[in-house]
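S.K.: Mind looking at a prediction? Sequence and model below.
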Amino acid sequence: LIGCLPVMPVFAQTTNTANDTIILSLSRDSINRVFFKKQWRFSPNDSADMAKPDYNDNGWKLIYPEDIDSSELNGIGWFRLSFTIDSSWLNKPLAFSLTQKGASEIYLDGKKIKSYGKINGKDSTESYNPQRTPFVVTMNSVGKHVLAIRYARFHFEDESNDFGFNLEVGIADEVIVSSKLNDIVTTITLTVLAIFFLSLGFLHLLFYLFYRQNASNLWFSVFMAAIAGIWSSIIGVVYVNDPNLGYRFADAIFIFSNIACVTFPIFIHVLFNIKKKIWVIIPLVLFAGSVLSWSTTIYENDTFMVVLVIYASVYSLIGLLRAIIKKVKGAIFLGIGFGFFLVSLISITVLGAVAGSIEVSSANSTLAQVLGIVILLDIVSIPITMSVYQAWIFARLNKDLSAQLRAVKELSDITIKQEQEKKQILESQNVALERMVEERTSQLSAEKLKSDNLLLNILPEEVANELKQDGQSAARQYNHVTVLFTDFVNFTGLSEQMSPKELVAEIHRNFTAFDAIIEKYGLEKIKTIGDAYLAVCGMPNETTDHAQRVVKAAIEITDYMTQNNGKFQIRIGIHSGPVVAGIVGVKKYAYDIWGDTVNTAARMESNSEEGKINISQATYELVKNEFTCEYRGKINAKNKGEVDMYFVNV
């Protein structure tokens, strides 16, 4: 897994010790991200002036933001960092990636560029962890720049010691691609591992249910389920944005780890029929102590957990060695897997302790690939060897059964009558099989029709047919389309007054009506994003009246929202121009559109008003002879500057 991640050249980071300014310059020999750790200045005070680039912070303390503790950060504080870019970065987008357990407001040269969570005071601050999701900023001047972060974190006594934040920066395109690739690889890896261990646990649970004399299968199924729980909880830790929920996932990892450390030695105990029950009671006592130390403030460390891990490892190893020495059948299979796990784990631990740390200079290096393979083998060594052991047991049982059947067959008297009876049975079975094949063929045809209809409900017919025929669909450029964006006014405020069930029902009712309207006028629904609705006309089948159709659909949507007396009011934005359309991803296909036309349509919607249809100059030129429009003048649109806008008179 480590080896599949590319090393991308981005920029070098140096530090001017004279003025404590970080210098970023383009380099083809450096790593793909730079960690902003050094040269931060910190103040525990709170003032809006601290965001200004010319603010004097010489008296502030130099600090590492990720190492700050509750004695330094009393709820809210400011962090400032100066850095310099050269001309190679002029007007080139940078991607900033942040991880935190609190709430923050980020300023660049005095201008707020991003905020995560809400800073409202001790009891009303809302924490949010973006989990290194990058946001893009374009630097339009060379020289010195000042990054200021207003950061809030309360209630330290109830949480872990990771109070501060961690900030990285890199080339926008490469960082975003790298982040998405990392998310995909991480998600697939963790999901596959969780499903793998859960499947093994379920399989051995079935073994136990069908053959309860072998109780070792029950304990091993619990052990596998606990490991699956660990991987599933790690998914939550990696991706959840609510820090408090992230702590709950971390707690789940702790509990599942304890369960795994208890059940594995019990599994060894039961598997090899070890007589003394005291060896089973000990891990249960350690488990109870570990859970008690986690759930109360009596203990300040994980001593019980450490002892439990050591006990589980030592007892399991001794039990396996004892079984191997006594030549217990099948013990060698488990001994190989468990022995490999311990030897490789101890080797990596000793190497890290001797070297101080194990650093991988490149994801494609031999060390990275070797470590990746060893770690992967470590993860699956025990369950695989257990499955091999179980397969060996069943092979022995089948072998013995086969021998018995041969003996019975040798003692059986084969007569002509029996042969005739067998022939009749085979003939009847052939008839039954043919009937089953016909029924199954009919079922498969019906299922194919269902899947085809479902695919057409997700993708345009042209794209769906291409996907079924070639297994893929190429992105296409459409030069003359009209994009429609809708959004509910004050959706956040209204949604807080409704139950989740009422909110979903209201959105579903409105969007169902929208679906019928756009189908009536020949528009193509692209997707819904929360309370936003995106549709387009003029693709995949090109039309000359795409703008007129979209405006008619928008008028009917506006009339519907006015007449149905629903909870929400709507604003609509429309823009015409070229787009690129295609399928995103290889699983759970999503048909989507991209381009400046889509962004401009979104700006039309965000600058519209309640119950209004806001169109751009491009759309107005296409519909002005058919609809009466009101010129609004030039309006400043985000990232677009002054744009001519019109309201369509409904």
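M.R.: Thanks, I have the structure now.

S.K.: On the three-state scheme, Asp54 is what?
M.R.: coil (DSSP: H, G, I helix; E, B strand; the rest coil).

S.K.: Can you get me a residue count around it?
M.R.: Neighbour count of Asp54, defined by other Cβ atoms under 10 Å: 8. Every residue, glycine included, has its C-beta placed from N, CA and C.

S.K.: Need the nearest residue in space to Ser316, chain neighbours excluded.
M.R.: Spatial nearest neighbour of Ser316, excluding adjacent residues (Cβ to Cβ, 6 or more residues apart in numbering): Ile268 at 4.8 Å.

S.K.: in the helix or strand that the one you found is a member of, what's buried?
M.R.: Assessed by DSSP states H and E, Ile268 sits inside helix 243-271. Buried residues in helix 243-271, counted by 16 or more other Cβ atoms under 10 Å: 243, 246-247, 249, 252-271.

S.K.: Helices of this structure, start to end?
M.R.: Assigned helices in the chain, in chain order: 172-210, 216-239, 243-271, 278-295, 303-325, 331-355, 366-411, 416-458, 461-470, 491-495, 500-520, 546-563, 596-606, 617-623 (criterion: DSSP state H).

S.K.: which stretch among the ones you listed comes nearest Asp69?
M.R.: Set against Asp69 and scored by Cβ to Cβ, the helices of the chain come closest in helix 243-271, at 16.4 Å.

S.K.: re the thing from before, want to try CSV for the helices of the chain, with mean pLDDT and distance to Gly143 as columns?
M.R.: Shown next, in CSV, are the helices of the chain (pLDDT from 0 to 100; distance: least, Cβ to Cβ, whole Å):
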stretch, mean pLDDT, distance to Gly143
helix 172-210, 85, 20
helix 216-239, 88, 38
helix 243-271, 84, 36
helix 278-295, 74, 52
helix 303-325, 79, 52
helix 331-355, 68, 41
helix 366-411, 72, 38
helix 416-458, 76, 50
helix 461-470, 68, 49
helix 491-495, 85, 39
helix 500-520, 92, 48
helix 546-563, 94, 46
helix 596-606, 93, 30
helix 617-623, 95, 37
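
S.K.: Now render those as JSON lines, adding distance to Ser104.
M.R.: As requested, these are exported to JSON lines (distance: least, Cβ to Cβ, whole Å):
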{"stretch": "helix 172-210", "distance to Ser104": "19"}
{"stretch": "helix 216-239", "distance to Ser104": "19"}
{"stretch": "helix 243-271", "distance to Ser104": "12"}
{"stretch": "helix 278-295", "distance to Ser104": "30"}
{"stretch": "helix 303-325", "distance to Ser104": "33"}
{"stretch": "helix 331-355", "distance to Ser104": "33"}
{"stretch": "helix 366-411", "distance to Ser104": "33"}
{"stretch": "helix 416-458", "distance to Ser104": "38"}
{"stretch": "helix 461-470", "distance to Ser104": "41"}
{"stretch": "helix 491-495", "distance to Ser104": "20"}
{"stretch": "helix 500-520", "distance to Ser104": "28"}
{"stretch": "helix 546-563", "distance to Ser104": "37"}
{"stretch": "helix 596-606", "distance to Ser104": "24"}
{"stretch": "helix 617-623", "distance to Ser104": "38"}
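
S.K.: how about the ones you listed, which one is nearest Gln100?
M.R.: Comparing these by Cβ to Cβ, helix 243-271 comes nearest, at 7.9 Å.

S.K.: For the closest one, which helices and strands make contact with it?
M.R.: helix 216-239, helix 278-295, helix 303-325 (3 or more Cβ pairs under 8 Å, 6 or more residues apart in numbering; DSSP states H and E).

S.K.: and it with helix 303-325, angle?
M.R.: For helix 243-271 against helix 303-325, the angle between stretch directions is 30 degrees (axes from the mean of the first three to the mean of the last three Cα atoms, to 10 degrees).

S.K.: now the angle from helix 243-271 to helix 172-210?
M.R.: 40 degrees.
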